[in-house]
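A.B. asks: below: sequence and its predicted model.
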Amino acid sequence: DADADADADADADADADDDVDADAAGNMHFMEGWTIKFLVLFLYIIVPKVCAMICETWSCDIYEVHDERGEVSEKSFMTIDVSIECSMRNGSIQPPADITFLATLMLVVRIFKI
């Protein structure tokens, strides 16, 4: 009887271990399911757009502006947001320094994933 009881206990322990292994395998299948596919799709859509927006920060477009007297002058505005005027610095048209600093910081964060 002692051997039968020992065998029954061993079988119960084996069944409990099988349940734990099935649980662990189930968790692995969770990561292979729809959540990981959604995450990859989300990153595939968002990351390029964010990088493009950061890089467009350095781009300015030149427009001809007509004033009230009919005179024509040229002004430059940021490509990504035409409400922000660019200025002439160091012989070239550049966006405001604070926006350039922020874009540079975001680029560093994006590259090094800080």
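C.D. replies: Perfect, thanks for sending it. Numbers count the residues shown, from 1 in each chain.
A.B. asks: show the backbone phi and psi for the most centrally placed residue in the chain.
C.D. replies: Geometric centre of the chain, nearest residue: residue 47, 4.2 Å, by CA atoms, centre = their mean. Phi and psi for residue 47, reported as degrees, to the nearest 10, are phi -60, psi -50.
A.B. asks: which pLDDT value belongs to it?
C.D. replies: Residue 47 carries a pLDDT value of 81.
A.B. asks: same question for the one 5 residues further on.
C.D. replies: At residue 52, the pLDDT value in this model is 82.
A.B. asks: against residue 75, how distant is residue 63?
C.D. replies: The gap separating residue 63 from residue 75 is 6 Å, by CB to CB, to the nearest Å. (Each C-beta comes from the backbone N, C-alpha and C, glycine too.)
A.B. asks: oh sorry, the question was meant for residue 41
C.D. replies: Counting by CB to CB, the gap from residue 41 to residue 75 is 41 Å.
A.B. asks: looking at the two, which has the bigger crowd around it?
C.D. replies: Neighbour count, other CB atoms under 10 Å: between residue 41 and residue 75, residue 75 has more, with 14 against 10.
A.B. asks: I'd guess the more buried one is in a strand, am I close?
C.D. replies: Yes: assessed with DSSP: H, G, I helix; E, B strand; the rest coil, residue 75 lies in a strand.
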